[in-house]
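Chemist: generate coordinates for the sequence data below:
(one chain, ligands or ions: 1)
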Amino acid sequence: MIFENYKHIIWDWNGTIFNDVDLCVELINNLLASHGLPTIDKPKYKKVFTIPVKNYYADLGFDFSKNSFEELGSLWMDDYEARKFECTLHEGITDLLEKIKLHGIGQSILSAYSQHTLEELIRHFGLTKYFTHIVGLDNIYAESKLHLGKELMKRLGNGKGETLLIGDTLHDFEVAKEIGADCVLISNGHQEKEKLKSSGAAVFDNIKELL
Ligand SMILES: [Mg+2]
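Modeler: Prediction:
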């Protein structure tokens with residue numbers, strides 16, 4: 001197991017543990033269509049999705065001089081909030097969390113999504129017991145989680161090579177690099193494999209491959 005040498009695993013939530021990609025494609029298409037913009041398919045979504053989310057909205061053609069990003073983002077989030085329980089966890093994730101726990105390795109969540117939604121979903125899926133820290137943003141605009149990652153690393157107090165971050169976006173990779181954690185990425189989340197591979201990080205197709 002690639003985890004054995006680590007003291008702590010920091011998990012991303014959306015797309016890494018929580019399989020919400022199809023819902024996100026559907027919701028962004030609703031928003032695009034209702035603003036007279038062309039819709040996208042899943043491969044295109046995984047090509048353009050990025051954090052900060054604001055840049056991805058701009059790439060899709062939203063005109064912030066007509067509708068502010070804050071307005072668009074909160075429309076999207078209202079729909080997401082109403083439908084988030086339609087999503088499931090990625091296959092094999094609970095087994096993996098359990099396995100890591102049994103090895104005596106600590107685990108946390110570091111997410112760019114809102115703290116409230118994060119805690120609610122983690123509780124809903126019965127995963128709270130696996131995490132010593134659950135860290136999300138205090139707003140819905142998914143800008144960056146770097147500052148939260150820095151605080152989390154301080155609290156963990158781990159040295160170099162003792163922490164592994166598992167995520168599904170280049171933002172996860174960048175955060176890992178900045179906070180001094182190793183990083184592996186999973187490509188069945190919000191960004192395509194080619195994009196993830198450009199970081200030089202190890203990329204796995206899914207959680208089962210990680211196991
Ligand atoms: Mg993610």
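Chemist: what's near enough to touch Lys84?
Modeler: 20, 23, 117, 121 (CB atoms under 8 Å, 6 or more residues apart in numbering). To be clear about C-beta, it is placed using only N, CA and C from the backbone, and glycine gets the same treatment.
Chemist: just among those residues, which is most surrounded?
Modeler: The residue in the contacts of Lys84 with the most neighbours, by other CB atoms under 10 Å, is Asp20 (24 neighbours).
Chemist: can you give me the pLDDT of it?
Modeler: Here the pLDDT value assigned to Asp20 is 96.
Chemist: state the distance from the closest residue to it other than its chain neighbours to the ion.
Modeler: Distance criterion CB to CB, 6 or more residues apart in numbering; nearest residue to Asp20, sequence neighbours excluded, is Cys87 at 4.4 Å. The gap separating Cys87 from the ion is 13 Å, by CB to the ion, to the nearest Å.
Chemist: so what's the residue count around Cys87?
Modeler: Cys87: 17 neighbours (other CB under 10 Å).
Chemist: wait, it touches Ile17, no?
Modeler: No - using CB atoms under 8 Å, Cys87 makes no contact with Ile17, being 10.7 Å away.
Chemist: thought Cys183 was touching Glu174?
Modeler: No - using CB under 8 Å, Cys183 is not in contact with Glu174; the gap is 9.1 Å.
Chemist: please identify which helix or strand holds Leu118.
Modeler: Element membership of Leu118, judged by DSSP states H and E, is helix 115-124.
Chemist: quick check: buried residues in that helix?
Modeler: 117-118, 121-122 (16 or more other CB atoms under 10 Å).
Chemist: now those residues as JSON lines including pLDDT?
Modeler: JSON lines is the format used below for the buried residues of helix 115-124 (pLDDT from 0 to 100):
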{"residue": "Thr117", "pLDDT": "87"}
{"residue": "Leu118", "pLDDT": "93"}
{"residue": "Leu121", "pLDDT": "95"}
{"residue": "Ile122", "pLDDT": "97"}
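Chemist: with respect to the ion, which of these is nearest?
Modeler: Leu118 (11.6 Å; CB to the ion).
Chemist: grab the nearest non-local neighbour of the closest one.
Modeler: Nearest non-adjacent residue to Leu118, counting by CB to CB, 6+ apart: Gly136, 4.0 Å away.
Chemist: count of residues packed around the closest residue to Thr88 other than its chain neighbours?
Modeler: Nearest non-adjacent residue to Thr88, counting by CB to CB, 6+ apart: Asn19, 5.4 Å away. For Asn19, the neighbour count with other CB under 10 Å is 19.
Chemist: report the contact partners of Asn19.
Modeler: Applying CB under 8 Å, 6+ apart, we find Asn19 in contact with 87-90, 188.
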